[in-house]
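[1] Here's my sequence, what's the structure:
(chains A and B)
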Amino acid sequence: DQQVKQNSPSLSVQEGRISILNCDYTNSMFDYFLWYKKYPAEGPTFLISISSIKDKNEDGRFTVFLNKSAKHLSLHIVPSQPGDSAVYFCAANRQGGKLIFGQGTELSVKP
Amino acid sequence: DAGVTQSPTHLIKTRGQQVTLRCSPKSGHDTVSWYQQALGQGPQFIFQYYEEEERQRGNFPDRFSGHQFPNYSSELNVNALLLGDSALYLCASSLVNDNEQFFGPGTRLTVL
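    Numbering: from 1, shown residues only, chains lettered A, B, ... in the order given. This is a model prediction of the structure:
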């Protein structure tokens, strides 16, 4: 039972353009959503998060949007930079418990 | 301010052996969670420790056990290793009931 899904295994974007990474979830009990960035042979690095009581959270070039009715969230990166090339994971949890991760989307930003 | 640290970085074991992985949480954090990440997959939750007790457990067999020490550091033990246990093992720390978890670099376990 995959409660968090990232349906796009990979995404390729031109430098300077917008990257949009998508994530869907099935469990309406989740109350917090997070995005992590991961380079090969390293642990995931926390990027940005959003509480279920909000619909948008912005931090510099990164913005996360939450659509609770559609059980969908997205991460926007504007403008995209080559250093953003990595695997991005969305995750969800409830009251500080276990994180449930999606399968990841590999982002490639081309110069 | 040190982040989450894990040791060792890499480990090679043979089937049937036992392994112990170690984690020191980020300064000020009191909760440690362990995850297993197989190649091409997202991390899978193993268990979480708080106040030296297992607080929550994922869908892993009893061969996987853990411990948390009074200084909040933690160990993950895996007995009777199987080939399928080969993975990246990640430790994450947080404050209890806080949603944001911060990960260490992981331990790459290879079972031959």
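
[2] tally of neighbours for whichever residue of chain A sits closest to chain B?
    Closest approach between chain A and chain B, counting by C-beta to the nearest C-beta: residue A:101, at 3.3 Å. Every C-beta, even on glycine, is put in place using the N, C-alpha and C of the backbone. Neighbour count for residue A:101, taken as other C-beta atoms under 10 Å in any protein chain shown: 26.

[3] Just want to check the distance between the spatially closest residue to it that is not a sequence neighbour and residue B:55.
    The shortest distance from residue A:101 to any non-neighbouring residue, by C-beta to C-beta, 6 or more residues apart in numbering or on different chains, is to residue B:42 (3.3 Å). Relative to residue B:55, residue B:42 is positioned 21 Å away (C-beta to C-beta, to the nearest Å).

[4] ok, these two, which is more surrounded?
    residue B:42 (24 against 17).

[5] contacting residues around that one?
    Neighbouring residues of residue B:42 by C-beta atoms under 8 Å, 6 or more residues apart in numbering or on different chains: A:4, A:89, A:91, A:101-104.

[6] What parts of chain B come near chain A?
    On the criterion C-beta under 8 Å from any C-beta of the partner chain, chain A has as its neighbours in chain B the residues B:4, B:6, B:31, B:33, B:35, B:40-45, B:48, B:56, B:58, B:90, B:92, B:94-106, B:108.

[7] Secondary structure class of residue B:84, three-state.
    On the three-state scheme (DSSP: H, G, I helix; E, B strand; the rest coil), residue B:84 is labelled helix.

[8] so how many other residues sit close to it?
    A total of 8 residues lie near residue B:84 under the criterion other C-beta under 10 Å.

[9] So which other helices or strands are in contact with the helix or strand hosting residue A:63?
    Using DSSP states H and E, residue A:63 maps to strand A:62-67. Applying 3 or more C-beta pairs under 8 Å, 6 or more residues apart in numbering or on different chains; DSSP states H and E, one finds that strand A:62-67 contacts strand A:32-38, strand A:45-51, strand A:56-59, strand A:72-77.
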